[in-house]
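Novice: just the structure for this:
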Amino acid sequence: MKITTTAIITVIVMKIFVAIAASSPQLQFIFQDQSYHFYYGLLLVVMSLFLRKMKLAYILFGIGAGLFIDDIAALKYVMTGPAQTPIQDYWSPLFIIPLMVGLFALVISEKQLKRFFSAYA
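Specialist: Okay, here's the model as predicted:
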């Protein structure tokens, strides 16, 4: 459960950060930025696959998966243009349903992922 736990903690941290940013005028700029955190998550997942011989690569994978899963619904905005109401959309079912499906898929695949990373550690 280390990968899933890391991913869930990452999602919780991102949700808290976005909630804080929504109420802080100094942090409002993140909603205008078009670099969605699923890009960074995908980058971390790919890096962890290349660095799978490292002992803690699975944690890097968990953080990347958490970032990716938390924001994958934003791919809609990459395809169609920026969101008009980014904070409301972030908390909408459009984002929450893919998040739950992604976390469920991660829980189901945890055993295989653990085997994959432990084979190289």
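
Novice: can you count the residues close to M14?
Specialist: 18 (other C-beta atoms under 10 Å). For glycine as for every other residue, the C-beta is placed from the backbone atoms N, C-alpha and C.

Novice: with V11 instead?
Specialist: Going by other C-beta under 10 Å, the residues that sit close to V11 add up to 19.

Novice: pretty sure it contacts D71?
Specialist: No: judged on C-beta atoms under 8 Å, V11 makes no contact with D71 at a distance of 9.5 Å.

Novice: mutual contacts of these two, please.
Specialist: With contacts taken as C-beta atoms under 8 Å, 6 or more residues apart in numbering, V11 and D71 have no neighbour in common.

Novice: for the top helix by length along the chain, which helices and strands make contact with it?
Specialist: Residue-count comparison of every helix in the chain, with assignments taken from DSSP state H, identifies helix 93-120 as the longest. Secondary structure elements in contact with helix 93-120, counted by 3 or more C-beta pairs under 8 Å, 6 or more residues apart in numbering; DSSP states H and E, are helix 2-22, helix 57-71.
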